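Engineer: Structure of the sequence below:
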Amino acid sequence: GIMPYISASIIMQLLTAVVPALEKIAKEGRAGYEKINQYTRYGTVLLCIIQGFFLSLWLENKGNFFGMTIVPYPGFLFRLNTVVTLCAGTIFIMWLGEQIQERGIGNGISLIITASILSRLPSSLYQIWVFYSPFNPAQRQISTFTVVSLFILWFLVIVGVVLFSQAQRRIPVQYARRVVGRRVYGGQSTYLPIRVDMAGVIAIIFAQSVLLFPSTLATFFPKASFLNRIFSQFIRSQGLWYNLSYVILIIFFMYFYTAIVFNPVEIANNLKKYGGFIPGVRPGENTAKYLDYIATRLVFAGAIYISLIAILPSLIMRTFNIPSYAIASFFGGTTILIFVGVMLDTMRQIESQLILHHYQGFMKKGKLRGRR
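Structural biologist: The predicted model follows:
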């Protein structure tokens, strides 16, 4: 699928903030963006080759399929065919997403992922219908109260995700008034927005990758019963230890990602350079400490919110006795975060296009008005 491209994009984004050479390239405008995008494509192909190779090894292992032979002719040709097929599919989806982004509205890759999420919605609704069995109460696995509660919870979760996705702390900033000749510069007041969830879904993706790695490693060593026993008890999906490890990793990656992308020292220096200051805070080092203090508190609140959304499917399965994880996953986790985030971003871009073409936006006023 598209996961190798997403992983490569996240890794490149982190490297851009850490490696000075990549950071310099990223600041070169359009040419720098194209260069970083090219490196991301190379990283995508590399990840496809690695994942395709290990997937072919997993398919060749009879122990993963209760002794059944899935691959009749294992060996070099099968592994090469698997790698080439997976790489071709990922590259095609990557190219398709770039075409949507260049010729349409919105982030192409994100829209493809959202379409994939929505395509699973009818299947989940059908599973709810089957488990509820309105015409055969004897086979009913979930009650009417559970069905109604699930839809109410789904609505409340979407509202909560929208509110937290838009939430930000606005720090007031004032600029000193300067007189150059007969003109007066500065003197205006503005604000510095700091989002509550700076990392967002990236922290969940990192945490999932770390949790999946041990269990994936165990499948390649089926004879290591000791490792398999540890991984089955500790990394068992929807279990207590799994969710606890999940939350700890999400909190860690929230702080880790924020520390990389949010640099209070650089922001404080830029404010001081252009004559800006935060009322009641001295410019320079004190401003950097103040911004770091605010960001740390916001990240903790955002980490609790992201962690709750991430483990919500597991809580729903345990609370309402939902037999299918596919149903519960629509009420939390990466599914709801990606869906709401992409929809909000697409709406903002549509809004900007409407205003650009002299139409009144629809996000605040709720009506369109032609050009005059």
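Engineer: domain assignment for the protein?
Structural biologist: Using automatic domain parsing, the domain parsing of the chain gives 1-104, 106-372.
Engineer: With mean pLDDT and mean neighbour count added, can I get those in CSV?
Structural biologist: Using the backbone N, CA and C atoms, a C-beta is placed for each residue, glycine as well. As requested, the domains of the chain are exported to CSV (pLDDT from 0 to 100; neighbours: other Cβ atoms under 10 Å):
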stretch, mean pLDDT, mean neighbour count
domain 1-104, 84, 15
domain 106-372, 78, 15
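Engineer: so what's residue 285 up against?
Structural biologist: Contacts for residue 285 (Cβ atoms under 8 Å, 6 or more residues apart in numbering) come out as residue 268.
Engineer: For it, what are phi and psi?
Structural biologist: Phi and psi for residue 285, reported as degrees, to the nearest 10, are phi -60, psi -40.
Engineer: Confirm residue 34 sits in a helix?
Structural biologist: Yes: with DSSP: H, G, I helix; E, B strand; the rest coil as the criterion, residue 34 is part of a helix.
Engineer: From residue 86, how far off is the residue lying closest to residue 340 once chain neighbours are set aside?
Structural biologist: Nearest in space to residue 340, with sequence neighbours left out and distances taken as Cβ to Cβ, 6 or more residues apart in numbering, is residue 161 at 4.5 Å. Distance, residue 161 to residue 86, by Cβ to Cβ, to the nearest Å: 32 Å.
Engineer: try residue 155
Structural biologist: From residue 155 to residue 86 the distance is 38 Å (Cβ to Cβ).
Engineer: what ranges do the helices span in the stretch 151-300 of the chain?
Structural biologist: 201-219, 225-234, 240-261, 264-273, 285-320 (DSSP state H, counting those that start in this stretch).
Engineer: For residue 126, find the nearest of those.
Structural biologist: With Cβ to Cβ as the criterion, residue 126 lies closest to helix 285-320 of the helices of the stretch 151-300 of the chain, at 17.8 Å.
Engineer: now that closest one and helix 264-273, what's the angle there?
Structural biologist: Relative orientation of helix 285-320 versus helix 264-273 (axes from the mean of the first three to the mean of the last three Cα atoms, to 10 degrees): 140 degrees.
Engineer: and helix 285-320 with helix 240-261, angle?
Structural biologist: Going by the same axes, to 10 degrees, helix 285-320 makes 150 degrees with helix 240-261.
Engineer: quick one: helix 285-320 to chain centroid distance?
Structural biologist: Averaging C-alpha positions (Cα atoms, centre = their mean, to the nearest Å) puts helix 285-320 14 Å from its chain's average.
Engineer: helices or strands up against the following helix or strand past that helix?
Structural biologist: Counting by DSSP states H and E, the next helix or strand C-terminal to helix 285-320 is helix 325-328. The contact analysis (3 or more Cβ pairs under 8 Å, 6 or more residues apart in numbering; DSSP states H and E) places helix 325-328 against helix 121-132, helix 285-320.
Engineer: Quick one: closest of these to residue 326.
Structural biologist: Of those, the one closest to residue 326 (Cβ to Cβ) turns out to be helix 121-132, at 5.6 Å.
Engineer: Can you name the residues in contact with that closest one?
Structural biologist: 140-142, 144, 147, 150, 322-324, 326-327, 330.
Engineer: Thanks a lot, see you next time.
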